[in-house]
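In: build me a model:
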Amino acid sequence: MTVWWVLVALVLALGIGLLVGRLWRQPKALPADVSAEPDPAHLAELERILAALPGASIVVDASGTPVRVSKQALALTLVQNGRIAIPDVSAMVADVRRDGIIREHEMTVLRPPLGKGLITLRLRVAPLGPDTVLVLAEDLTEASRVDAVRRDFVANVSHELKTPIGALSLLAEAVLSSAEEPEAVRHFAGRMEAEAGRLSALVGDLIDLSRLQGEDPLKDAEPVSLDAVIAEAVDAARLLAQTAQIEVVVGGTTGLQVLGVEAHLVTALRNLLTNAISYSPRGTRVAVASRLANNVVEISVTDQGMGIPENELHRVFERFYRVDQARSRVTGGTGLGLSIVKHVAENHGGEVGVWSVLGEGSTFTLRLPPYTPVEEIPLSSAVVEEESSA
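Out: Predicted structure coming up:
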């Protein structure tokens with residue numbers, strides 16, 4: 001919890017405490033013609049103060065019933081059927097009401113009401129009036145997920161970099177020890193070249209992924225011809241396809257355009273093609289097709305390769321995830337190609353999907369919004385229309 005957040009919470013809690021104390025504190029005796037109901041103006045003031053609180057907020061009365069629940073608290077399903085839905089939070093409220101001591105706690109709990117997922121909450125529970133307690137909850141679920149992904153990413157990068165670097169070190173020692181054997185030197189030098197290429201590809205993919213995550217391509221977007229994107233990507237993958245004896249065919253609708261950055265789109269399609277070629281047997285075909293369907297531009301890459309098990313499909317776009325680790329080492333894949341494709345698609349307001357049958361092949365489809373040119377009215381025409389209307 002930041003210092004700023006604590007100060008805001010304390011100041012607001014103090015203000016709410018004074019206000020709620022006036023609202024809920026009953027005088028010893030009331031004239032017959034005076035209502036015990038809280039002043040509507042005070043209630044409105046309470047609502048404004050609570051609305052200004054960061055995160056979710058709940059005001060709980062003496063019976064443990066929430067009497068004011070913010071939209072954020074409802075979205076987190078912290079209150080169900082008029083009661084606080086998380087027992088640990090109810091216990092904190094009871095403890096604060098008993099001794100009046102402010103409590104802070106961070107917890108990961110099953111998300112109400114069905115408990116199918118986990119949420120991480122940072123809670124601050126403080127007394128307001130004699131029998132009233134304020135619950136402040138900050139949702140840390142996404143932040144925790146991002147931290148976990150970042151930790152995994154750093155660990156994976158460290159592992160992936162260590163492998164070729166370690167191999168290069170061993171191969172260098174082998175070359176030194178075989179200095180008098182030209183044939184052995186050539187063999188080890190070839191291995192070193194392959195490992196250096198793998199390391200270079202990994203660093204390049206890391207740079208691409210970092211750049212894609214750190215910029216918004218649509219701020220410098222321009223109309224991009226899909227025909228040009230497909231032609232450049234196919235040309236970039238041509239040597240790999242020829243080496244693997246795989247035919248790449250192109251078809252579908254021509255003349256389609258999207259709004260974006262051509263270099264990024266070429267990178268995404270090239271990665272899909274490289275992936276399809278690398279996991280296809282010799283003598284097969286990889287097809288690239290484009291079309292406009294339901295006002296969405298689709299570019300699909302279909303192979304006749306090994307396919308992907310159904311239970312692995314949801315993970316293929318994760319960083320460093322490989323369906324076949326052994327095959328990836330042979331093909332020199334970095335495990336980042338499909339993750340880059342996903343980021344390019346999302347940065348362009350689209351998505352990427354996969355269909356696959358084990359042993360028959362796979363189809364990866366990049367879906368993007370089409371570019372629709374807007375016709376501008378010439379200034380002279382606008383002046384003529386204005387003068388004629390006058």
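
In: phi, psi for the closest residue to Ile102 other than its chain neighbours please.
Out: The shortest distance from Ile102 to any residue other than its chain neighbours is 4.4 Å, reached at Ala126 (CB to CB, 6 or more residues apart in numbering). The way it works is simple: take the backbone N, C-alpha and C, and place the C-beta from them, glycine included. Main-chain torsions, Ala126, degrees, to the nearest 10: phi -140, psi 150.

In: show me where pLDDT drops low in the stretch 251-390 of the chain?
Out: Residues of the stretch 251-390 of the chain meeting the criterion pLDDT under 70: 319-335, 373-390.

In: look up which helix or strand Phe317 falls in, please.
Out: Here Phe317 sits in a region with no helix or strand, counting by DSSP states H and E.

In: surely it touches Val344?
Out: No - in this structure Phe317 lies outside contact range of Val344 using CB atoms under 8 Å: 11.4 Å.

In: who has more neighbours, these two?
Out: Remark: of Phe317 and Val344, Val344 carries more neighbours, 26 against 19, as counted by other CB atoms under 10 Å.

In: the more buried one - that's part of a helix, no?
Out: Yes - under DSSP: H, G, I helix; E, B strand; the rest coil, Val344 falls within a helix.

In: roughly how far does it sit from Ala237?
Out: 16 Å (CB to CB, to the nearest Å).

In: show me where the stretch 1-150 of the chain has its strands.
Out: Using DSSP state E, counting those that start in this stretch, the strands assigned to the stretch 1-150 of the chain run over residues 56-60, 66-69, 79-80, 83-84, 103-110, 118-127, 133-139.

In: redo those as JSON lines? Include distance to Ala287, mean neighbour count and mean pLDDT.
Out: JSON lines is the format used below for the strands of the stretch 1-150 of the chain (distance: least, CB to CB, whole Å; neighbours: other CB atoms under 10 Å; pLDDT from 0 to 100):
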{"stretch": "strand 56-60", "distance to Ala287": "50", "mean neighbour count": "24", "mean pLDDT": "88"}
{"stretch": "strand 66-69", "distance to Ala287": "55", "mean neighbour count": "18", "mean pLDDT": "86"}
{"stretch": "strand 79-80", "distance to Ala287": "51", "mean neighbour count": "17", "mean pLDDT": "85"}
{"stretch": "strand 83-84", "distance to Ala287": "56", "mean neighbour count": "18", "mean pLDDT": "90"}
{"stretch": "strand 103-110", "distance to Ala287": "46", "mean neighbour count": "13", "mean pLDDT": "87"}
{"stretch": "strand 118-127", "distance to Ala287": "42", "mean neighbour count": "20", "mean pLDDT": "88"}
{"stretch": "strand 133-139", "distance to Ala287": "45", "mean neighbour count": "23", "mean pLDDT": "88"}
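
In: as a markdown table, these with distance to Gly283 would be great.
Out: A markdown table is the format used below for the strands of the stretch 1-150 of the chain (distance: least, CB to CB, whole Å):
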| stretch | distance to Gly283 |
| --- | --- |
| strand 56-60 | 60 |
| strand 66-69 | 65 |
| strand 79-80 | 60 |
| strand 83-84 | 65 |
| strand 103-110 | 52 |
| strand 118-127 | 48 |
| strand 133-139 | 53 |
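
In: wait, which of the ones you listed is closest to Thr365?
Out: Closest to Thr365 of the strands of the stretch 1-150 of the chain is strand 118-127 (CB to CB; 31.7 Å).

In: tilt between the closest one and strand 103-110?
Out: Inter-element angle recorded for strand 118-127 and strand 103-110: 150 degrees (by axes from the mean of the first three to the mean of the last three CA atoms, to 10 degrees).

In: quick check: angle from strand 118-127 to strand 133-139?
Out: Going by the same axes, to 10 degrees, strand 118-127 makes 150 degrees with strand 133-139.

In: and strand 118-127, what does it pack onto?
Out: helix 3-24, helix 87-99, strand 103-110, strand 133-139, helix 141-177 (3 or more CB pairs under 8 Å, 6 or more residues apart in numbering; DSSP states H and E).

In: circling back: is it true that the residue nearest to Ile102 touches Arg97?
Out: No - in this structure, Ala126 is not within contact of Arg97 by CB under 8 Å, at 10.8 Å.

In: quick one on the thing from earlier: right, and the strands of the stretch 1-150 of the chain - which one's nearest Ala228?
Out: strand 133-139 (44.0 Å).
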